[in-house]
Every structure is written in structure tokens, then in C-alpha cells.
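Trainee: show me the folded form of this:
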Amino acid sequence: MKKITALISILFIIMIVSGILLAGCASGDNIYGTYEGTLPCADCEGIQTVLTLDADKSFKLEETYLGEDVNPFITEGTWAVDSSGKITLAPSDGSDELRYYEVVSENELRMLDRTGNKIESELNYSLIKK
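Mentor: Just a heads-up that it's a prediction; the model follows:
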């Protein structure tokens, strides 16, 4: 019985520590940096995406459509993260097209749909920290 009680105590401590670490991620304290990945594209080979989140709450998003003969699309603006770990990118060019990502971990962000909801798909929508 003592072993079971000890095991439950250890698991409880692990849950508390994990919650504290995830709360740090959701607050934005640990997510500054550059994230990269190739996101799905409906009519091209993929979108090479580089997202940089700066400590001053500015961002730079560079999207290159693979297999297309076009220059990369660059969007800059400000970002914010809410208590649930949802990041909102607000472009500074005056457009009202917000972009959304969720904090999966300190090293991974996942793109959300245009309304800020999870994308139900088998495709990879993750960006990994460099």
C-alpha cells in the first residue's frame, strides 16, 4: 500500500510541475524564437514557413510556396498569446486577416484555422523551433 501511495504522490508532483511548465509556455515567456516547417498547400508542393516571435511582441512570417515561381510572402506585425496558449498574429499592414497558432510545447507551434480553431487533418501543421 505504501508503494501505491508513493507512486500516486510522485505522479501528482509530476502533474503539478508539468502544469507549471505549460503555464509558462502559454504565458509567452518561453516561446520567443524562430519556428520553421513546411505546411500543407492546396495547389502547390507545400508552404515553407518561417515564423519569428520576438520578445517585444513583434513577429515576422515568411511563406514560400514550393514549386511556384513567386517571391516569398512576408508579413510583419504584433503577436499575443492567451492563457490557453493560442497565439494571435495581427499584421501591421492594416489588413484584418489575423493568423492563429497554438503552443504545443516550448519547441512546437501548430497552425490553427482562420477562426482560431484546431484543424482536423492528418496533415502536418506544425512549426518547430530552430
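Trainee: only C-alpha atoms from now on, for both contacts and neighbour counts.
Mentor: Will do.
Trainee: do you know how far the residue sitting nearest the centre point of the chain is from Leu127?
Mentor: The centroid of the chain falls nearest to Leu109 when counting by Cα atoms, centre = their mean (2.3 Å). Distance from Leu109 to Leu127, counting by Cα to Cα, to the nearest Å: 5 Å.
Trainee: any stretches of the protein with poor pLDDT?
Mentor: 1-29 (pLDDT under 70).
Trainee: count the residues that sit near Thr52.
Mentor: Taking other Cα atoms under 10 Å as the neighbour definition, Thr52 ends up with a count of 20.
Trainee: ok, then the element right after the strand or helix carrying it?
Mentor: Assigning secondary structure by DSSP states H and E places Thr52 in strand 47-53. Per DSSP H and E, the first helix or strand lying C-terminal to strand 47-53 is strand 58-65.
Trainee: Provide the contact partners of the next helix or strand after that next one at residue level.
Mentor: As assigned by DSSP H and E, the chain's next helix or strand after strand 58-65 is strand 73-81. Strand 73-81 is contacted from outside by 26-28, 53, 57-64, 87-93, using Cα atoms under 8 Å, 6 or more residues apart in numbering.
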